[in-house]
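Student: Got a predicted model here, sequence first, then my questions.
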Amino acid sequence: MHFSDTRMSDGSRHFVSLPETRSPDALRDHLTGLPGAVVTGFVFDGIVEAWIDFRYGGHEFSVNNQLGEYWFFVQDPACPDTTLQDVAAYCATASRSEHSLAGLNLATDGMKDVISRFGNPVLRDIAPSHPGSGDRAVSHSEW
């Protein structure tokens, strides 16, 4: 696996991005199964964005979900590639069958289920990948 070396303003290194194939709390729980990993922090707004902090192999890591991906950071940019490989390979094994948002399975639950859980963010049910002329995007502030 190829690792990037993008330095952040805090000095940490963004080393890999993986598809966001499971909910943040499910990824957090998955990380607890990596032998030697300890989750040290978790912040999740319950809908859109999460940060997961964990320690593994003597190094501090953070994961943030952005644009349909999980971005992985390591605090020490000199962290050995073998340690980065352990983290990336383990997280890549996360179930690819779960497509969820705050506990809803987006593969099987319809927009009416999302509306019943989060309020009425849209005017009508939207068929996936078949938007109608009356469909419109709404921001979370309009909810």
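Tutor: Perfect, I can see it now.
Student: Let me see the contact set for the spatially closest residue to residue 37 that is not a sequence neighbour.
Tutor: For residue 37, ignoring the flanking residues on the chain, the nearest one in space by C-beta to C-beta, 6 or more residues apart in numbering is residue 56 at 4.4 Å. In this view, the C-beta of every residue, glycine as well, is placed from N, C-alpha and C. Taking C-beta atoms under 8 Å, 6 or more residues apart in numbering, we find residue 56 in contact with 34, 36, 37, 38, 83, 86, 87.
Student: and for the biggest helix by length in the chain, what are the contacting residues?
Tutor: Longest helix of the chain, by residue count under DSSP state H: helix 81-92. Helix 81-92 is touched from outside by 1, 3, 15-16, 18, 27, 30-31, 33-34, 56-57, 59, 61, 63, 70, 72, 74, with contacts defined as C-beta under 8 Å, 6+ apart.
Student: Below-threshold pLDDT in this protein: ranges please.
Tutor: Along the chain, the parts satisfying pLDDT under 70 run over 95-143.
Student: Break down it into its strands, ranges please.
Tutor: 6-7, 13-19, 38-44, 50-56, 59-66, 69-74, 100-101, 104-105 (DSSP state E).
Student: so which of those comes closest to residue 94?
Tutor: Across the strands of the chain, residue 94 has its closest neighbour in strand 13-19 (8.0 Å, C-beta to C-beta).
Student: Counting neighbours, which of the contacts of helix 81-92 end up buried?
Tutor: The neighbour count (16 or more other C-beta atoms under 10 Å) marks 3, 15-16, 27, 30-31, 34, 56-57, 59, 61, 63, 70, 72, 74 as buried among these.
Student: Tell me which two in these are the farthest apart.
Tutor: Pairwise distances across these peak at 20.2 Å for 3 and 30 (criterion: C-beta to C-beta).
Student: returning to that earlier point: so which of the contacts of residue 56 is the most crowded?
Tutor: Comparing the contacts of residue 56 by number of neighbours (other C-beta atoms under 10 Å), residue 87 comes first, having 23 neighbours.
Student: ok, that residue to residue 47 distance?
Tutor: For residue 87, the distance to residue 47 equals 26 Å [C-beta to C-beta, to the nearest Å].
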